[in-house]
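Student: whatever this is, show me its structure:
(chains A and B)
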Amino acid sequence: MKNHAALSEAFISNEPRTDWHNETLWFVRQKRDKSAHSLPEWEKLREWASQIKNHSLSNLDFYLNQFEEQAVANGVKVHWAANAEEHNQIVLGIIRENKLSRIVKSKSMLTEECHLNHFLQDQGVEVVDTDLGERIVQFRKEPPSHIVLPAIHLKKSDVSETFHEHLQTEKGNNDPQYLTAAARVHLRNKFVESEVAITGVNFAVAESGAVVVCTNEGNADMGVHAAGIHIACMGIEKIIPKTKHLAVFLRLLARSATGQPITTYSSHFMKPRPGQQMHFVIVDNGRSKQLGLPDFRNSLKCIRCAACFNTCPVFRRSGGYSYHTAVAGPIGSILNPGFDIKAYSDLPFASTLCGSCSNVCPVKINIHEQLWKWRQEIAKQGHVSFIKKVSMQGMAFVLARPGIYRFSGKAGRWVMRNLPFLVNNKLNPWYKQREMPAPPKQSFRDWYLQNQQEKN
Amino acid sequence: MSNSKAQILKAVAASKPALVALPEIDLNEVISYDDLVQQFRTVLESIGGSVVMLENISQLDEEIAAEKSAGNFVINLLDANAGEQAIPSTPAELSKLSKLYMNGGVPVAENGSIWVDDQLMKVRLLPFICEQLVIVVKKENIVATMHHAYARLGKIDTGFGVFIAGPSKTADIEQSLVIGAHGAKGLCVYIV
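Tutor: Got it, this is the predicted structure:
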């Protein structure tokens, strides 16, 4: 499989588009800042959220039991899945048992992680994604490129072409209003006919057995309340102890994600309506293992707001697909190595370690520290490429020897000045999509020494 | 199946860190607003809702009557004593609903949202499938923040409830905000 650097190469080959992606996500980050700064207690909220999540994880088996008990008492059928395969089989089982075929699904990163759509498709079951962004990428047979903004890698002209092909919209009409209206009509038919509605879960409340789902479009509710069966899929880490804790998380989630004060709909599902079946599928899929890693367990506090994506200088310029996983960005780069260190050994290196991700995280995950720790773990376990290993050893050798270091600097500057073709060529990865900087006349050390002498 | 449950719980119990305490959430540290009505109104308008101050709820009767006589499919849930009105049961029929009038529970000043639940909406699909949603709230029920809202709601003893903040919206096409995604295209809140 191609690694992050190779996949980024494809993304950044289109410069105007890369710039647009970068600037658009930065704009979302700025909206987040504005929203966060409107609350004097913002830092306090982050601290509360962090502590509530720490507490929940430290008592997770108890809360999972309590949640199941309450949900069952509410008339919900609760299922447990150790891994993605079991999760997919459970969902298929519910669909088959009831002999249903019209299925709508709102956004759920867990079902992306489990590749539910592909699995069901292979079994001859079609699922219609109902979030507008997800429907767009589904038509294009692409995965979402961002957990909150699934189609952020596309321009409106791309969407227009896709809709022209699938929804017979006017060719060349790129008006978002027009395109959204067409999707509304198309998906209303799907909602009205739907028999099964699959949703994700933002928060699961142990004391009440409720699950909370947040959307702006209303697609989760349209599906769930129209269909006869609701299946809500959740990772074990979605649990919070009490209803009142929702206040903390709902205040943080949308402000961190898009800068909105709250999502349009924050829906609390407790009991099925008369005649409806409600199923909750609780999934582990590597999470309990991550919980056992002291350095990495608090990655499970994540509430999937994507603030770390939008602020990350690497994500903004490399795009979601470069992470080759359902949850990309900085948080994906610390979650995925825990699930499969070999397959995702490139991700912790897709970072400048600038720390911006940790600063915006609403639940205070130390993302950049974990990235650095994963690098060490990956090196220890021997998953670093030979070239990286050798060049790092070479660098360590040079940096430990001031004389050689000074000589190499001088040699490098001389080469860049006199034999530029030696560095400005395809063999040098730093030259890709980049101009090499002009070599300085002297090193900082030389300048400093000279400057001191002149002063004296 | 139950095997996976035991397996997961066992793994979690073995992996979890030592117990840490829950934080105390002190409402004195949370923002307060001098004018809750104004704050609620400002935020709701900024997220695409419209707000009308109403002296008396009976002022709406005329509007509703006019809507109905114009042949629009309108459902009015405002008057709990008005007797059972026939609400169509299939999503296909409800998809023609042009306007829903309903009472709101707790409005929240910090984010312009309003809590509505099973008791208030009767049929869960209604506030989502209608083209236009009208919610009537009482001035004195407005609370400052979500913390206050959950405190007011107490033990939520209903099958389904939702905070609704403005009309449905999306920005999934090139980050252009479009009002009216899958839920209501418009939200008008009357404050009595």
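
Student: so what's the residue in chain A that chain B sits nearest to scoring on pLDDT?
Tutor: Nearest residue of chain A to chain B: residue A:218, at 2.6 Å (C-beta to the nearest C-beta). Where C-beta positions appear, they are placed from N, C-alpha and C, glycine not excepted. Looking at residue A:218, its pLDDT is 97.

Student: ok, residue A:275 next?
Tutor: Looking at residue A:275, its pLDDT stands at 95.

Student: quick check: it touching residue A:230?
Tutor: No: with contact defined as C-beta atoms under 8 Å, residue A:275 does not reach residue A:230; the gap is 11.9 Å.

Student: quick one, which of the two is more surrounded?
Tutor: Per other C-beta atoms under 10 Å in any protein chain shown, whichever of residue A:275 and residue A:230 has more neighbours is residue A:230, with 24 against 7.

Student: which residues does the closest residue to residue A:271 other than its chain neighbours contact?
Tutor: In this structure, residue A:271 finds its nearest non-sequential neighbour in residue B:159, 3.5 Å apart by C-beta to C-beta, 6 or more residues apart in numbering or on different chains. Contacts for residue B:159 (C-beta atoms under 8 Å, 6 or more residues apart in numbering or on different chains) come out as A:74, A:270, A:271, A:272, A:273, B:118.

Student: can we see that at 10 Å?
Tutor: Residues near residue B:159 by C-beta atoms under 10 Å, 6 or more residues apart in numbering or on different chains: A:74-75, A:210, A:268-274, A:276, A:278, B:117-119, B:124.

Student: which SS class is residue A:80?
Tutor: Taking DSSP: H, G, I helix; E, B strand; the rest coil as the rule, one finds residue A:80 in the strand state.

Student: leaving aside the residues next to it on the chain, what's closest to it?
Tutor: Among residues not flanking residue A:80 along the chain, residue B:5 sits closest, at 4.0 Å (C-beta to C-beta, 6+ apart).

Student: may I ask which helix or strand encompasses the one you found?
Tutor: Assigned by DSSP states H and E, residue B:5 belongs to helix B:2-15.

Student: tell me which residues in the longest helix along chain A are buried?
Tutor: Counting residues, the longest helix found in chain A (DSSP state H) is helix A:15-37. Buried residues in helix A:15-37, defined by neighbour count with 16 or more other C-beta atoms under 10 Å in any protein chain shown: A:18, A:20, A:21, A:22, A:24, A:25, A:28, A:29, A:31, A:32, A:35, A:36.

Student: what's the answer for stretch B:127-144, then?
Tutor: In stretch B:127-144, counting by 16+ other C-beta under 10 Å, buried: B:127-137, B:141-144.

Student: give me the subset of those residues touching chain A.
Tutor: Among these, proximity to chain A is found for B:127, B:128, B:129 (C-beta under 10 Å from any C-beta of the partner chain).

Student: contacting residues for residue A:336?
Tutor: Contact analysis of residue A:336 by C-beta under 10 Å, 6+ apart lists A:113, A:286, A:299, A:323-328, A:343-345, A:347-348, A:374.

Student: quick one: the helices in chain B?
Tutor: B:2-15, B:36-46, B:59-69, B:91-94, B:118-121, B:126-129, B:146-153.

Student: so where is chain B shaky, pLDDT-wise?
Tutor: Applying pLDDT under 70 to chain B flags residues B:1-2, B:80-84.

Student: which residues touch the closest residue to residue B:129 other than its chain neighbours?
Tutor: Excluding its sequence neighbours, the residue lying closest to residue B:129 (C-beta to C-beta, 6+ apart) is residue B:94, at 5.0 Å. Neighbouring residues of residue B:94 by C-beta under 10 Å, 6+ apart: A:192, A:225-226, B:73, B:75, B:87-88, B:100, B:123, B:125-126, B:128-130.
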